[in-house]
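# structure of the sequence below:
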Amino acid sequence: MRILYLHPAATFGGASKSLIELFGAMRRSGIEGTVLTPAGSAARAFADAGMRVAAVRGLSQFDNTRHGHYRRTRWIILLRELMFLPGSLLAIWRMRKERFDILHVNEVTLLPLAIVAKKLLKLPMVVHVRSLQCPPPGGLRTRIVNRWLARHADAVVPIDCTVASTLDRDLPVDIVHNGLRVDANHFPDEKPPQKIGQTVRVGFIGVLIALKGIYELVEAMRILKDRGVAIECVVAGENAQDLRGIRAWALRKLGLARNVRGDLEQMIRDYGLEKHLRLLGFVRDVRSIYPTLDILCFPSHLNAAGRPVFEAAFYSIPSVVAVKDPFPDAVLHEQTGLAIPKPDPELIADALQRLAQDETLRLTLGRQARKWAVHNFLIENSADTMLAIYRRLVLGNE
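Sure, this is the predicted structure:
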């Protein structure tokens, strides 16, 4: 089968990595993939993974996610989407001469553009829902998005129960967990105990945006430093918006963009954290980082557990996650990690200190996290589910 993927983000992150893992597992079953995506680090990663890439300047989106939905000055973002629209439509128009079996949309924010692509290319459409939506019944926009999904999507695929809960309950969905390819010989059954005098290391992995709770994590590290806790932190992730000049000034004045890395560097200097927190920048293969960690911290404002949580679990690393009332496929509180109700620096610091100073608890949660990850997030299982969806749509389209 030949699949046309639409992917909205230029920056390499969890969504692009998850698609690459999924494609890699399905490729062995004869799947061929073409990705229409903005030029950037994600496009390069797709090409390295063996996917054909058709790069564009940008793809027009409509954001109705819980924290990204349009309000006040955020309506200005629609101007950017309108600017991208001619190029987006032209790129899809050029695809009409090629043969594809399925259109796979890698994020629901592309839904309006994807509906046009589906009609133009006459393909069954899979819509991957990776982000939390404004929950139903919501306003007019939420009702429209759910109505469009019901009418135009041939398969709706949320990545977990948390995301599924933000969609209309009458919408038929197939949950396909983000997965990870696991070499049994590469992953130890459990982490060894700390060596005497060894500092506990916590990691943050992800694109540097404020919604991920990275500012709160730095504040928590300041608190832990003041408490005298033997802990250090490494941050691996690309700066999402490294803007300069008049454009950067204007967007920051409107509250639409922040140079997060620049902010973090200043905070590290102000708090004297140079020996306690390191910014690694973009790391192509984060599997090189996990073995060096003892704790994973994901203090997101999204009330959801991201991809690094289960990736770390494969390495027997427990997580501190900001999620209230988590679903079992997000985090198991006191079993695979610690869940805090919100990304508050004091709460983050308390949870990290507890795990840093209680090695028995940390290792126990790590062992249980690995079993949980193997049960839920093996990429082979996710690939089998997605392949079954593809085959069902192809047979139904014949």
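# find the helix or strand that the closest residue to Phe298 other than its chain neighbours is a member of.
Leaving aside its chain neighbours, Phe298 sits nearest to Val321 (4.9 Å; criterion: Cβ to Cβ, 6 or more residues apart in numbering). No exception for glycine: its C-beta is placed from N, CA and C like everyone else's. Assigned by DSSP states H and E, Val321 belongs to strand 319-322.
# cool, and Leu393?
Element membership for Leu393, per DSSP H and E: helix 379-397.
# show me what contacts Leu171?
For Leu171, the contact set (Cβ atoms under 8 Å, 6 or more residues apart in numbering) comprises 146, 149-150, 156.
# re earlier: can I get the helix holding Leu393 in PDB, CA atoms only?
What follows is helix 379-397, C-alpha atoms only, in PDB (Å, rounded to 0.1, in the frame of the first residue of the first chain):
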ATOM      1  CA  ILE A 379       5.500  -0.600  18.300                       C
ATOM      2  CA  GLU A 380       4.700  -4.000  16.700                       C
ATOM      3  CA  ASN A 381       1.300  -4.000  18.400                       C
ATOM      4  CA  SER A 382       0.500  -0.400  17.300                       C
ATOM      5  CA  ALA A 383       1.700  -1.200  13.700                       C
ATOM      6  CA  ASP A 384      -0.600  -4.300  13.600                       C
ATOM      7  CA  THR A 385      -3.600  -2.200  14.600                       C
ATOM      8  CA  MET A 386      -2.800   0.500  12.100                       C
ATOM      9  CA  LEU A 387      -2.300  -2.000   9.300                       C
ATOM     10  CA  ALA A 388      -5.700  -3.500  10.100                       C
ATOM     11  CA  ILE A 389      -7.200  -0.100   9.800                       C
ATOM     12  CA  TYR A 390      -5.500   0.500   6.400                       C
ATOM     13  CA  ARG A 391      -6.600  -2.800   5.000                       C
ATOM     14  CA  ARG A 392     -10.200  -2.300   6.200                       C
ATOM     15  CA  LEU A 393     -10.300   1.100   4.400                       C
ATOM     16  CA  VAL A 394      -8.700  -0.200   1.200                       C
ATOM     17  CA  LEU A 395     -11.100  -3.100   1.000                       C
ATOM     18  CA  GLY A 396     -14.000  -0.800   1.700                       C
ATOM     19  CA  ASN A 397     -12.800   1.500  -1.100                       C
END
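# buried ones in that helix?
379, 381-383, 385-387, 389-390, 393 (16 or more other Cβ atoms under 10 Å).
# now that helix, how far from the chain's geometric center?
In terms of Cα atoms, centre = their mean, to the nearest Å, the centre of helix 379-397 is set 22 Å apart from its chain centre.
# packing partners of it?
When contacts are defined as 3 or more Cβ pairs under 8 Å, 6 or more residues apart in numbering; DSSP states H and E, helix 379-397 packs onto helix 14-27, strand 102-105, strand 125-129, strand 155-158.
# quick one: the helices in the stretch 101-250 of the chain?
For the stretch 101-250 of the chain, the helices defined by DSSP state H, counting those that start in this stretch cover 111-121, 140-152, 161-164, 214-227, 245-253.
# hang on, the earlier thing: partner strands of the strand holding Val321, with direction?
Using DSSP bridges, the strands paired with strand 319-322 are strand 295-298 (parallel), strand 337-340 (parallel).
# with just CA atoms, put it into PDB.
Once non-C-alpha atoms are left out, strand 319-322 reads as follows in PDB (Å, rounded to 0.1, in the frame of the first residue of the first chain):
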ATOM      1  CA  SER A 319       8.300   9.700  35.600                       C
ATOM      2  CA  VAL A 320       7.000  12.700  37.400                       C
ATOM      3  CA  VAL A 321       4.000  13.800  35.300                       C
ATOM      4  CA  ALA A 322       1.600  16.700  35.700                       C
END
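# any idea how far it is from the chain center?
15 Å.
# list of residues touching it?
Here strand 319-322 has contacts from 202, 213, 295-301, 303, 305, 308-309, 312-313, 330-331, 336-343, 347-348, 351-352, 355, 369, using Cβ under 8 Å, 6+ apart.
# just the buried ones from those?
Buried, going by 16+ other Cβ under 10 Å: 202, 213, 295-301, 303, 305, 308-309, 312-313, 330-331, 336-340, 343, 347-348, 351-352, 355, 369, out of the contacts of strand 319-322.
# show me those that map onto strands.
Per DSSP state E, strands hold the following members of these: 202, 295-298, 337-340.
# picking up where we left off before, nearest to Ile115 among the contacts of Leu171?
Leu149 (10.0 Å; Cβ to Cβ).
# is the closest residue to the closest one other than its chain neighbours bridged to anything, and to what?
Nearest residue to Leu149, sequence neighbours excluded (Cβ to Cβ, 6+ apart): Val156, at 5.5 Å. Under DSSP bridges, the beta-bridge partners of Val156 are Val127.
# and Val156, how many neighbours?
22 (other Cβ atoms under 10 Å).
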